[in-house]
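Novice: all I have is the shape, not the residue letters:
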DNA sequence: GCATGATCATTA
DNA sequence: TAATGATCATGC
């Protein structure tokens, strides 16, 4: 009995509150699925389990998890101190046909417009079954956060547009980074070469660095 | 290959 | 030991 999609932001948040403090074993049992021994071959398992419980309806469609509400769901692994253990994938980084793109209308900005963050106490030493759901955070970027992301985005997009995509590393950008996003390192997609001609390159995605997501997690404490 | 969901594991 | 670069599952 998968929950129906929530009809309002409040209803979604209340559902998220209701499952905070529960273990992944409890959520898995309620959903009628088995808990994998590790996430080695089930890296998206936790996220999909939470989608089930909260009634996300988008499936694998390129739309927000809660389509009618325009809200994206993100689980984020944290340690006992509340610090993020991993960066957060947002969306693919466009590598061609990017002239004229603006931050205002970029897919990444739209995707981050409203996000329900669900921390998961997920230190590697903790068995998957014993990992605990944290308190949810319903978030939209502050003006400062938006400016910070825009600055990194413009730097990264400039490099892509100028044919410097192969000079981008995970170190580029203060809060937003670009890293590989592919099944393996032999996957190729089109990009812009140093001479302006098309070249094959590894597909890449935008990721929020831990220093950015940590601020989001801390804001709830201060507000 | 690209979109969804991310974490793994080697390197620095 | 944290961060970077690589990788895993699934559907179309």
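Specialist: Alright, I've got the coordinates. Bear in mind the structure is a predicted one, so any value in this text is a computation, not a measurement.
Novice: okay, CA-based contacts and neighbour counts for the rest of this
Specialist: Noted.
Novice: looking at chain A, which helix is longest?
Specialist: helix A:143-161 (DSSP state H).
Novice: and that helix, what's buried?
Specialist: By neighbour count on 16 or more other C-alpha atoms under 10 Å, the buried set for helix A:143-161 is A:146, A:148, A:149, A:150, A:151, A:152, A:153, A:156, A:157, A:159, A:160, A:161.
Novice: equivalent analysis for stretch A:77-86, please.
Specialist: Neighbour count says stretch A:77-86 has A:77, A:78, A:83, A:84, A:85 buried, by 16+ other C-alpha under 10 Å.
Novice: give me phi/psi at the first one?
Specialist: Torsion angles at residue A:77 (phi, psi; degrees, to the nearest 10) stand at phi -70, psi 130.
Novice: again, but for residue A:139
Specialist: Dihedral angles of residue A:139 (phi, psi; degrees, to the nearest 10) stand at phi -130, psi 140.
Novice: around it, how many other residues sit close by?
Specialist: Using other C-alpha atoms under 10 Å, residue A:139 has 18 neighbouring residues.
Novice: what sits against it?
Specialist: A:114, A:115, A:116, A:117, A:216 (C-alpha atoms under 8 Å, 6 or more residues apart in numbering).
Novice: tell me how far the closest residue to residue A:16 other than its chain neighbours lies from residue A:14.
Specialist: Nearest residue to residue A:16 in three dimensions, chain neighbours excluded: residue A:136, at 6.1 Å (C-alpha to C-alpha, 6 or more residues apart in numbering). Going from residue A:136 to residue A:14 by C-alpha to C-alpha, to the nearest Å gives 9 Å.
Novice: can you pull the buried residues of stretch A:96-108?
Specialist: If you call a residue buried by 16+ other C-alpha under 10 Å, then stretch A:96-108 has these buried ones: A:103, A:107, A:108.
Novice: tell me which entries of the residues you listed lie within helices.
Specialist: A:107, A:108.
Novice: check the buried residues of stretch A:96-108 one by one and keep those near DNA strand C.
Specialist: Among those, not one lies near DNA strand C by C-alpha under 7 Å from any atom of the strand.
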